[in-house]
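Q: quick check, what structure comes out for this input:
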Amino acid sequence: MARNAGPKCRMCRREGMKLYLKGTKCEGDKCTLNKRNQAPGQHGTSRRSLSNYGKQLREKQKAKRIYGILEKQFSNYVGKALKTKGVTGEVLLHNLETRFDNVVYRSGFAVSRGQARQFIRNGLFLVNDKKVDIPSQQLKVGDIIKPVSFEKIQLREGFVLPEWLEANVKEKYVKFSRLPNQDDVQERIDIPLIVEYYSR
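A: Numbering: from 1, shown residues only. Predicted structure coming up:
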């Protein structure tokens, strides 16, 4: 399985903002971005003003890194959104947010999307009472996500459940109640710039 095995803190420094790729470390004083707020590399101290293409590229790279997706898969998501009826940006956002690993992360069952992918690969989650071990699987409205065992997962402390997810405390599961919109996404991503990048 292809993945980006490079240093995660370097990605945050490259984008100039916290991408929360390392879970609780990003929220504390040990975050590398607090110590070194410049871009990585020999000339990282001087951030140049970007052209329109540069801004589009940075937004695309930022989104890829936030969701933990490589270029080919991300371009497939954009291509699928361009062919689907409706607003392309909203369709792309739905494709990214409804990934199984992202929903597990948004539900608070993991401290990062990377950890969510690891849990899913290990078969620690059920979707509609069936074990699913594919992190990129697209979930649908009405799907129910439930851990196999709470002893094997790491709940995220102090998080707020998004409005498009519903938690059932008694039955210990999370329900995918509606499709998310731009206001529901915590990360600042300019989706139209990404669409413009691939529409060139």
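
Q: grab the nearest non-local neighbour of the residue nearest the centre of the chain.
A: Taking CA atoms, centre = their mean, the centroid of the chain lies closest to Tyr67, which sits 3.0 Å from it. Counting by CB to CB, 6 or more residues apart in numbering, Leu96 is the residue found nearest to Tyr67 once chain neighbours are left out, at 5.3 Å. C-beta here means a position set from N, CA and C on the backbone, and glycine is covered the same way.

Q: and the one you found, how close does it get to Tyr77?
A: Counting by CB to CB, to the nearest Å, the gap from Leu96 to Tyr77 is 7 Å.

Q: between those two, what contacts are shared?
A: With contacts taken as CB atoms under 8 Å, 6 or more residues apart in numbering, Leu96 and Tyr77 have Ile69 as neighbours in common.

Q: the domain parsing of the protein - what is it?
A: 1-48, 99-178 (automatic domain parsing).

Q: what's the neighbour count on Val141?
A: Applying other CB atoms under 10 Å, we find 11 other residues in the vicinity of Val141.

Q: what do you get for Tyr105?
A: When neighbours are defined as other CB under 10 Å, Tyr105 has 25 of them.

Q: which SS state does Ser49 fall under?
A: Recorded secondary structure, Ser49: coil (DSSP: H, G, I helix; E, B strand; the rest coil).

Q: output the longest helix belonging to this structure.
A: helix 52-67 (DSSP state H).

Q: list the residues that contact the residue nearest to Tyr67.
A: Leu96 makes contact with 63, 67, 69, 77, 102, according to CB under 8 Å, 6+ apart.

Q: that older thread, any idea how far the residue nearest to the centre of the chain is from Ser51?
A: 25 Å.

Q: kindly report the same for Glu196.
A: If you measure Glu196 against Ser51 using CB to CB, the figure is 13 Å.

Q: what do you get for Asp101?
A: Computed with CB to CB, the distance linking Asp101 and Ser51 is 33 Å.

Q: counting neighbours, go ahead and name the busier of those two.
A: Set side by side, Asp101 and Ser51 show unequal neighbour counts under other CB under 10 Å, the larger going to Asp101 at 26 against 9.

Q: spatially nearest residue to the more buried one, not counting backbone neighbours?
A: Distance criterion CB to CB, 6+ apart; nearest residue to Asp101, sequence neighbours excluded, is Pro135 at 3.9 Å.

Q: for that neighbour, give me its contacts.
A: By CB under 8 Å, 6+ apart, the contact list for Pro135 reads 99-101, 116-117, 120-121.

Q: what do you get if the cut-off is 6 Å, keeping everything else the same?
A: 100-101, 117, 120 (CB atoms under 6 Å, 6 or more residues apart in numbering).

Q: now for these, which pair is the farthest apart?
A: Phe100 and Arg117 (8.8 Å; CB to CB).
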